[in-house]
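Student: here is a sequence together with a model predicted from it:
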Amino acid sequence: MYNLDNTMNGLYIAPAFMDKIVVHVTKNFLNLPNIKVPFILGIWGGKGQGKSFQFELVSAKMGINPIMMSAGELESWNAGEPAKLIRERYHEAADSIRKGNMCCLFINDLDAGAGRMGGTT
């Protein structure tokens, strides 16, 4: 049984942050008629605000195994290498789900790895 208060191992989780993650994950696992839920959730905030750490806490609290990767890993001179890496991590997550575990693919600092286009991230 999960205790959905806003702490994990004595560490504080911002309630609004936790609510967004919990609702998004729950919607992706429900079969809702005529409702399409975006499969991707973007988390935005300034450097050092604890986005990744808070996500790890919420994931642990929900029993989700996040497959973590950094967007920096996607930089390559070889065409197709970044897509191959994402596919490998996606298959790793799919294997975990097939074994009955909740899982997600978490790409950290995507704005840094994806670069900028037209002055925006």
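Tutor: Yep, that arrived. Residues are numbered from 1 along each chain as shown.

Student: I'd like the next helix or strand past the helix or strand where F17 lies.
Tutor: Assigned by DSSP states H and E, F17 belongs to helix 15-29. Per DSSP H and E, the first helix or strand lying C-terminal to helix 15-29 is helix 51-62.

Student: may I see the buried residues of that next one?
Tutor: K51, Q54, F55, E56, L57, V58, S59, K61, M62 (16 or more other Cβ atoms under 10 Å). For glycine as for every other residue, the C-beta is placed from the backbone atoms N, C-alpha and C.

Student: report the contact partners of the closest residue to N101 other than its chain neighbours.
Tutor: Once flanking residues are discounted, N101 sits nearest to N65: 5.4 Å by Cβ to Cβ, 6 or more residues apart in numbering. Counting by Cβ atoms under 8 Å, 6 or more residues apart in numbering, N65 makes contact with S59, S96, N101, M102, C103, C104.

Student: what helix or strand is the second one on?
Tutor: Element membership for S96 (DSSP H and E) is helix 81-98.

Student: and for the fifth one?
Tutor: C103 is located in strand 102-108, with elements delineated by DSSP H and E.

Student: buried residues in that strand?
Tutor: M102, C103, C104, F106, I107, N108.

Student: bridged to the residue minimising distance to the centre of the chain, which residues?
Tutor: Compute the mean C-alpha point of the chain, and by Cα atoms, centre = their mean the closest residue is F106, 3.5 Å away. Beta-bridge partners for F106, by DSSP bridges, are M68.

Student: now it: how far from E75?
Tutor: 18 Å (Cβ to Cβ, to the nearest Å).
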